[in-house]
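S.K.: output the structure for:
(2 chains)
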Amino acid sequence: MSAKSKKIIELINIGKEYDETVAVENFNFYVKKGEFVTFLGPSGCGKTTTLRMIAGFEMPTSGKILLNGEDITNLPPHKRPVNTVFQRYALFPHLDVYDNVAFGLKLKKVRVVMEDENGNRFERFEKLTRDEIDEKVKNALKIVDLEGFEDRNINTLSGGQQQRIAIARAIVNEPEILLLDEPLGALDLKMRKEMQIELKEMHRKLGITFIYVTHDQEEALTMSDTIVVMKDGMIQQIGTPMDIYNEPKNAFVADFIGESNILSGIMTDKFKVKIAGQIFDCVDDFAKNERVDVVIRPEDIEMVEPEEGTLVGKVISTVFKGIHYEMTVKVGKNEIIIQNTDERQPGQTIGLKVAPQNIHIMAKEFTTNLFDGYVTKKNTVVFGDGEYEADLTQLYPNSTIDEEGYIVTQSGEKIDLTDVDVTVEVGIKDIEIDDNQEEANAVGQIVSIIYKGDHYQVMVRTENEEDYVVDTEYLWNEFDTVGVKIKPSKIKLKLKQEADKK
Amino acid sequence: MTLRFSRKQLIIPYSLFMVLFVVIPLLFIVYYAFTDGSTGGFTFGNFLKFFSNSTSLSTLIISIGIAILTTVVCLLIAYPIAYILARSNFKKKNVLLMLFVLPMWINFVLRINALREFLDLIGLLNKAHLFNTVLGMVYDFLPFMILPLYTTLIKMDKSLIEASADLGGNAFTTFTKVTLPLSLPGIVSGITMVFMPTMTNYVISDTLGLGHITIIGKLIEDCFGSRNDWYLGSAIALVLLFIIFISMLFTGGFKDEENGARGAGIW
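M.R.: Below you'll find the model as predicted:
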């Protein structure tokens, strides 16, 4: 095994729970020596928690962390050969630039091999000398382009300079891994772009392994060797920037990384998919008649004359974006975003074509909602943090409900269904959400929204972490609180086990 | 013409208050301190009288000694309490803090007399006058030390502690190199709030020292009361003012605090 491909850090089945909430779940991942790895995801996806577990600030509730094959799960942070660049820099305000950068060096003890007068060799741990520290601090400041700043007070530095000092303070210790927690988040756009390039350059020169946390997909694509896309504490996809961009594993990744059209499709044959009523050739193999999600990047859609296009639609908006125009095209019920250097005016009819290799097909993540529930005394069903009217007669073929509320089966048996456990299935199209929380069966917050061409797929999470996946035509905002309603006829019930006979 | 009311005019009531209750009384004290009681002429005699009298000098030294002792003991007790309160994840830590501060809300004469009865009960009242006085002072002024320390510690950026650990600092070095220097404003604030009032709080020394301990505040009270020598009393008050001024300079109390941590927030 070459030095390059050696695993420097490995996370095995890492999980982290706070009280009742799960921050990170079943995290399996390793980083190779010298790699630039980015944890990417929306806020609250567990990326920072994972980084903090590697740094040692948080202890995982399950799993193991191996550094160079050694278990460091319970090692305190000051004993780990990793250093962190903090989100808000965390520079010591009572120390000047020199003392900030030298902080780690002054505490460091290095192994020195000595020889006594009899020629016996022995080892000793010694502090670095003043000159050695001076030298290293000077070098570190040179790397971050802040030579001569030694005596400056931290409070007199600009945000960008503080950022550089924070990096210098970390790399001066020559850590095996440098952890960066959204280090560029507080900088303005231009500064951020510059620092991205500088960080990448630093990574190349120093040869240290970088683990970087960000919610900025562009930053991740620009800098990383490997990207780990996370959501809700779980890894969604691991891959190179190219893989992640070109072959997103699911709708979330496709939506999160760059602009994309996510459309519902159905496989009509081998390598044939029907999107918006038309059949396209594709390169992904799925079972015939399977419902799929199709991802097409806006820049991969060719704009042609109406008669040449596989799809024909009308431009409904055009926005100039600097290097190209971004146009929204209405094709049937779908809205498709395309990017092109040529402009078409709103109202014009155009044809659209997509090459087979640019059509990415993914298995549909959600086709239905499954819940565990139980029947109440009033013959309603409780599931997903709500109480619903449902047709209980479907549990027994040809049964009826008598006036006392007992189920009467075909053979005339009376059954009391109170407290009986059932599995509940509700289609994603059969759930209604609206602002009316009073009359709703359950109330929750919208935690994710993905646009799927002609509708939005939203996830509604209730207080007790029950999730409803809902297809809706209306646009909601993230964190909107909504009421959930389901028509009794749309609730499919199955008994978990036979109920007691009466 | 309409009546214009500008923001500058808001300062008038405050200036009036300051002149009436701070500047004028101070001028009176200065006037009395430099006035000869019998002739009414200008004199340094009052100061000479104070500094040439060995009893009043030793009172000054005892006062400073008691104040230093009280401040040190308060700091030693308050720092760990404030540190633990600020760092604990205990959700009800405000309640705990309240328990430490609660005595401030009870009349202090009542508290000191209760302490006196307690010391009498355990038979210490007549034996250790100095100890009793310092005990009373610490008991009375401890909350004034805890609060500014707690405020500075709770406001301290926790990522600084993490940064120190990250750079190889163990719990002890993190405390000495990061936490302690950063809590200095709170320490200074606590010291000022305990040291100065301790020098003059003669109610405690009278009640618990049973007249064996005389502090400078008592001396001033005597001058204005039983001895009826306002001139000497004013001179001693000025000396005290000067000592406090010096000690403030020493602890940096006049410095413009960049982070405003001088007991900020809670007051």
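
S.K.: tell me how many other residues crowd A:Arg291.
M.R.: Close neighbours of A:Arg291, defined as other Cβ atoms under 10 Å in any protein chain shown, add up to 12. For the C-beta atoms, the positions are set from N, CA and C on the backbone; glycine is no exception.

S.K.: and if you look at B:Asn113?
M.R.: B:Asn113 has 14 neighbouring residues, counting by other Cβ under 10 Å.

S.K.: who's in contact with the residue nearest to it when sequence neighbours are not counted?
M.R.: Leaving aside its sequence neighbours, B:Asn113 sits nearest to B:Thr207 (Cβ to Cβ, 6 or more residues apart in numbering or on different chains; 6.5 Å). Going by Cβ atoms under 8 Å, 6 or more residues apart in numbering or on different chains, B:Thr207 touches B:Ile112, B:Asn113, B:Arg116, B:Gly136.

S.K.: helix or strand for the second one, which one?
M.R.: When you say that, I think you mean B:Asn113. helix B:108-121 (DSSP states H and E).

S.K.: next secondary structure after that helix?
M.R.: Next along the chain after helix B:108-121, taking DSSP H and E as the criterion, comes helix B:129-155.

S.K.: what mean pLDDT does that next one get?
M.R.: Averaged across helix B:129-155, pLDDT comes to 92.

S.K.: next, the buried residues of that helix.
M.R.: By neighbour count on 16 or more other Cβ atoms under 10 Å in any protein chain shown, the buried set for helix B:129-155 is B:129-130, B:132-155.

S.K.: cool, and stretch A:20-31?
M.R.: Applying 16+ other Cβ under 10 Å to stretch A:20-31 flags A:Val22, A:Ala23, A:Val24, A:Glu25, A:Phe27, A:Phe29, A:Val31 as buried.

S.K.: ok, stretch A:281-292 next?
M.R.: Applying 16+ other Cβ under 10 Å to stretch A:281-292 flags A:Cys282, A:Asp284, A:Phe286, A:Val292 as buried.

S.K.: quick one: B:Ser205 and B:Ile66 touch, right?
M.R.: Yes: counting by Cβ atoms under 8 Å, B:Ser205 does reach B:Ile66; the two are 7.5 Å apart.

S.K.: element containing the residue lying farthest from the centre of chain A?
M.R.: The outermost residue of chain A, judged against the average C-alpha position, is A:Asn118 (62.1 Å), by Cα atoms, centre = their mean. Here A:Asn118 is covered by no helix or strand, with elements defined by DSSP H and E.

S.K.: closest to chain B out of the buried residues of stretch A:20-31?
M.R.: Chain B lies nearest to A:Ala23 out of the buried residues of stretch A:20-31, by Cβ to the nearest Cβ, at 16.4 Å.

S.K.: give me the secondary structure label for the closest one.
M.R.: strand (DSSP: H, G, I helix; E, B strand; the rest coil).

S.K.: now do the contacts for it.
M.R.: A:Lys16, A:Glu17, A:Gly46, A:Thr49, A:Gly233.

S.K.: got the residues you listed as CSV, with distance to A:Asp181, secondary structure and neighbour count columns?
M.R.: Output for the contacts of A:Ala23, formatted as CSV (distance: Cβ to Cβ, whole Å; DSSP: H, G, I helix; E, B strand; the rest coil; neighbours: other Cβ atoms under 10 Å in any protein chain shown):
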residue, distance to A:Asp181, secondary structure, neighbour count
A:Lys16, 16, strand, 22
A:Glu17, 21, strand, 14
A:Gly46, 13, coil, 24
A:Thr49, 11, helix, 22
A:Gly233, 17, coil, 23
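
S.K.: just the helices from the stretch 201-350 of chain A, written as ranges.
M.R.: A:217-223, A:241-246, A:251-256 (DSSP state H, counting those that start in this stretch).

S.K.: deepest-packed of those helices, please.
M.R.: helix A:251-256 (a mean of 24; mean count of other Cβ atoms under 10 Å in any protein chain shown).

S.K.: starting at the chain centroid, how far to that helix?
M.R.: 9 Å (Cα atoms, centre = their mean, to the nearest Å).

S.K.: could you do stretch A:294-312 as well?
M.R.: Distance, centroid of stretch A:294-312 to centroid of chain: 29 Å (Cα atoms, centre = their mean).

S.K.: what's the end-to-end length of it?
M.R.: Using Cα to Cα, to the nearest Å, the end-to-end distance of stretch A:294-312 comes to 18 Å.

S.K.: how about the residue nearest to A:Lys452 when sequence neighbours are not counted, what does it touch?
M.R.: Nearest non-adjacent residue to A:Lys452, counting by Cβ to Cβ, 6+ apart: A:Ile262, 4.9 Å away. Shown in contact with A:Ile262 (Cβ under 8 Å, 6+ apart): A:Ala251, A:Ala254, A:Asp255, A:Asp293, A:Val294, A:Val295, A:Ile450, A:Tyr451, A:Lys452, A:Gly453.

S.K.: need these in a markdown table (columns: pLDDT).
M.R.: Output for these, formatted as a markdown table (pLDDT from 0 to 100):
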| residue | pLDDT |
| --- | --- |
| A:Ala251 | 85 |
| A:Ala254 | 89 |
| A:Asp255 | 86 |
| A:Asp293 | 88 |
| A:Val294 | 90 |
| A:Val295 | 90 |
| A:Ile450 | 84 |
| A:Tyr451 | 84 |
| A:Lys452 | 81 |
| A:Gly453 | 78 |
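
S.K.: among these, which are in strands?
M.R.: A:Asp293, A:Val294, A:Val295, A:Ile450, A:Tyr451 (DSSP state E).
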